[in-house]
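Participant: could you look at this predicted model? Sequence included:
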Amino acid sequence: MKSPLRYVRPNILALEPYSTARDEFSGGNISVWLDANESPYENGVNRYPDPHQKLLKERISRLKGIPANQIFVGGAGSDEAIDLVFRIFCDPGKDNVIAIAPSYGVYSVAAATNNVALRTVQLADNYALPTKELLAAADAHTKVMWICSPNNPTGNAFELSELELLADSFDGMLVVDEAYVDFSDKGTMLSVLANHPNLIVLQTFSKAWGMAGLRLGMAFAAPEVAELFARVKYPYNVNAPTQLEVMRRIDEGVAPQVSEICQQRSMLLAAFAELSIVERVFPTDANFVLIRVADPNAVYDYLVSRGVIVRNRTRLRGCEGCLRITIGTPAENERVVNLLREISK
Ligand SMILES: *Cc1c(COP(=O)(O)O)cnc(C)c1O
């Protein structure tokens with residue numbers, strides 16, 4: 001197997017990580033900390049947080065079954081991990097990346113801010129993975145391929161076997177963004193991470209886990225790649241309350257909420273399919289449903305006028321006529337169905 005280090009920018013490979021005041025001593029019997037110019041008055045947040053997020057990573061390691069030295073956590077959500085992938089692997093103005101389309105908007109924003117060319121490949125019929133076209137889009141300067149699965153905004157997850165084939169065939173880093181994986185029964189690429197050193201899996205606590213306000217994202221990768229994330233990240237990139245709160249909420253779990261959303265999803269798919277204004281309901285493995293209607297702007301405006309906001313995706317190529325509707329509480333879902341029923345008359 002090829003080492004993933006061959007895809008890394010030379011300046012990043014040569015980088016000496018910033019060493020924080022807290023790197024040299026941790027634990028032991030030290031009780032006086034006069035090394036970091038903090039306030040000495042204890043108020044719960046006067047100390048810098050653990051820059052290595054050791055306890056949090058150990059907790060995530062148990063949750064996901066992935067060793068702690070293969071985990072990166074970011075305090076600005078997975079968006080932080082997305083930006084770091086560009087900064088670790090892509091030389092601005094020289095390298096390029098490939099992504100499926102339509103997909104998550106942050107890949108193109110991060111590509112643009114890093115001055116890296118983004119080559120998009122439209123999904124095939126029924127939003128299937130265009131494996132051959134994706135591989136054909138690569139050249140000697142292609143460092144990263146972005147696949148979102150389940151994909152936002154189409155909702156479908158790709159088969160693990162197809163994604164593994166991409167990882168094996170692509171001469172670069174394959175990033176699989178699994179923000180919605182907790183709602184999918186197609187499985188996670190974490191199960192094959194050990195076999196693919198060029199694979200990076202992104203997950204987040206923002207969706208199924210109900211912690212969008214805390215902004216904690218994760219990347220899982222080979223140890224040598226995870227070490228690069230640790231080198232390039234901002235030193236104290238996850239604040240102390242977030243580290244504690246996420247650990248507490250992992251212990252609490254979210255299984256009942258996730259199963260209710262999956263039940264509501266079946267209900268919504270059936271209800272939308274009955275409506276005359278709905279031309280198509282796309283299959284979904286996520287906590288949202290993509291529907292196609294004849295006049296998306298009119299439907300969108302009507303819902304807004306009744307106090308309900310959905311995502312109008314009609315201007316996105318490949319999503320013409322489409323609205324993306326997040327699955328809410330049973331009462332919220334009933335409301336959106338009733339409103340759509342009203343204008344179906
Ligand atoms: C919501 C979402 C994320 C999560 O972003 P955070 O920054 O972790 O909140 C990542 N990828 C996709 C495709 C998403 O839809």
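Facilitator: In hand now; what should we look at? Numbers count the residues shown, from 1 in each chain.

Participant: just give me the neighbour total for residue 46.
Facilitator: 11 (other C-beta atoms under 10 Å). C-beta coordinates here come from the backbone N, C-alpha and C atoms, glycine included.

Participant: pull the contacting residues for it.
Facilitator: By C-beta atoms under 8 Å, 6 or more residues apart in numbering, the contact list for residue 46 reads 38, 39, 40.

Participant: quick one: buried residues of the longest helix along the chain?
Facilitator: In the chain, taking DSSP state H as the definition, the longest helix is helix 255-274. If you call a residue buried by 16 or more other C-beta atoms under 10 Å, then helix 255-274 has these buried ones: 258, 261, 262, 264, 265, 268, 271, 272.

Participant: gap between the second one and residue 133?
Facilitator: Right, residue 261. 33 Å (C-beta to C-beta, to the nearest Å).

Participant: who in the stretch 51-200 of the chain is up against the ligand?
Facilitator: Applying C-beta under 6 Å from any ligand atom, one finds that the stretch 51-200 of the chain approaches the ligand through 77, 78, 79, 104, 148, 152, 177, 179.

Participant: repeat that with 8 Å
Facilitator: Taking C-beta under 8 Å from any ligand atom as the contact definition, the stretch 51-200 of the chain meets the ligand at 74, 76-80, 82, 103-104, 106, 148, 151-152, 177, 179-180.

Participant: buried subset of the residues you listed as a PyMOL selection?
Facilitator: The buried subset of those, as determined by 16+ other C-beta under 10 Å, is captured in PyMOL by this line:
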select buried, resi 74+77+78+79+80+82+103+104+106+148+151+152+177+179+180
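
Participant: dump the buried residues of helix 255-274 to CSV, plus pLDDT and distance to residue 190.
Facilitator: Converted to CSV, the buried residues of helix 255-274 look like this (pLDDT from 0 to 100; distance: C-beta to C-beta, whole Å):
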residue, pLDDT, distance to residue 190
258, 98, 17
261, 98, 21
262, 98, 20
264, 98, 26
265, 98, 23
268, 98, 28
271, 98, 33
272, 98, 32
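
Participant: how about the closest residue to the ligand within the chain: which residues does it bridge to?
Facilitator: With C-beta to the nearest ligand atom as the measure, residue 77 is the residue of the chain nearest to the ligand, at 2.2 Å. Applying DSSP bridges to residue 77 gives these bridge partners: residue 75.
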